[in-house]
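Trainee: Have a look at this fold, sequence not included:
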């Protein structure tokens, strides 16, 4: 029996049978993998915590038939500071949904994994404004890493299908207010963004929603920020402005 070792983050879990659990792990060396954890729901609380959502651990597992079976798990970080803060867990939940949608099973994305780990550490230390800004930058990196590029040839409209910000209007473009264009332009050009942190947070959410539409269109995925924010209040506010 060949044992495989890797570091990874639990990004999804599903109970099965009387005591088993299937956990989806975004791993450093093997991408996204599903591990069967036998008897975990009857084990001691610490073992259950190690296989819980948003826990970074070292995993040892083996393949049996078409399944990967967990052998041992040693927790590294439980991210308690994230799990006990509603605003932070909203953002983290959304980022994990991006990982689930973007990364295919077995697809190795070590740089993405390292960026995710860095993002979690960043979220712990920063306020919601900076965390939304970081999320926007991460989505911009994903767009480019997937082989796309948004061209700036104007400032009034965003054409998702053409991957372009332009001045000419048609039925397929999205109007951009000045604040939104300034954010998107600064992100694309990697310039510093200076916003009033109260109103700027709403503008950042609007920008995230635009990137969400862009990724959903080009990658045929189903990101939905509204599902991850408490009652969708932040999204509703941004849509009303």
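Mentor: Here it is on my side, so go on. Values in this document were obtained by computation on a predicted structure and should not be read as measured data.
Trainee: rest of the way, CA atoms for contacts and neighbours
Mentor: OK.
Trainee: residue contacts, the residue lying closest to residue 105 once chain neighbours are set aside?
Mentor: Nearest residue to residue 105, sequence neighbours excluded (C-alpha to C-alpha, 6 or more residues apart in numbering): residue 32, at 4.8 Å. Residues near residue 32 by C-alpha atoms under 8 Å, 6 or more residues apart in numbering: 24-26, 103-108.
Trainee: just residue 78 next, same as before
Mentor: 49-50, 54-56.
Trainee: and these, which are buried?
Mentor: 50, 54-56 (16 or more other C-alpha atoms under 10 Å).
Trainee: will you turn these into CSV that also has secondary structure and distance to residue 89?
Mentor: Converted to CSV, these look like this (DSSP: H, G, I helix; E, B strand; the rest coil; distance: C-alpha to C-alpha, whole Å):
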residue, secondary structure, distance to residue 89
50, helix, 18
54, coil, 10
55, coil, 13
56, strand, 15
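Trainee: Can you pick out the most distant pair from these?
Mentor: 50 and 54 (9.3 Å; C-alpha to C-alpha).
Trainee: Report pLDDT for residue 1.
Mentor: Residue 1 carries a pLDDT value of 80.
Trainee: bridging residues for the residue nearest to it when sequence neighbours are not counted?
Mentor: Nearest residue to residue 1, sequence neighbours excluded (C-alpha to C-alpha, 6+ apart): residue 62, at 7.2 Å. Going by DSSP bridges, residue 62 is paired in beta bridges with residue 69.
Trainee: Who does the longest strand seen in the chain pair with, and is each partner parallel or antiparallel?
Mentor: Longest strand of the chain, by residue count under DSSP state E: strand 4-16. Here strand 4-16 is paired, per DSSP bridges, with strand 20-27 (antiparallel), strand 56-64 (antiparallel).
Trainee: what comes into contact with it?
Mentor: Under C-alpha under 8 Å, 6+ apart, the answer for strand 4-16 is 21-30, 51-62, 96, 100.
Trainee: try it again with 6 Å
Mentor: Here strand 4-16 makes contact (C-alpha atoms under 6 Å, 6 or more residues apart in numbering) with 21-28, 53-62.
Trainee: May I ask which helix or strand encompasses the residue nearest the centre of the chain?
Mentor: Closest residue to the average C-alpha location of the chain: residue 95 at 1.9 Å, with C-alpha atoms, centre = their mean. Using DSSP states H and E, residue 95 sits in helix 86-102.
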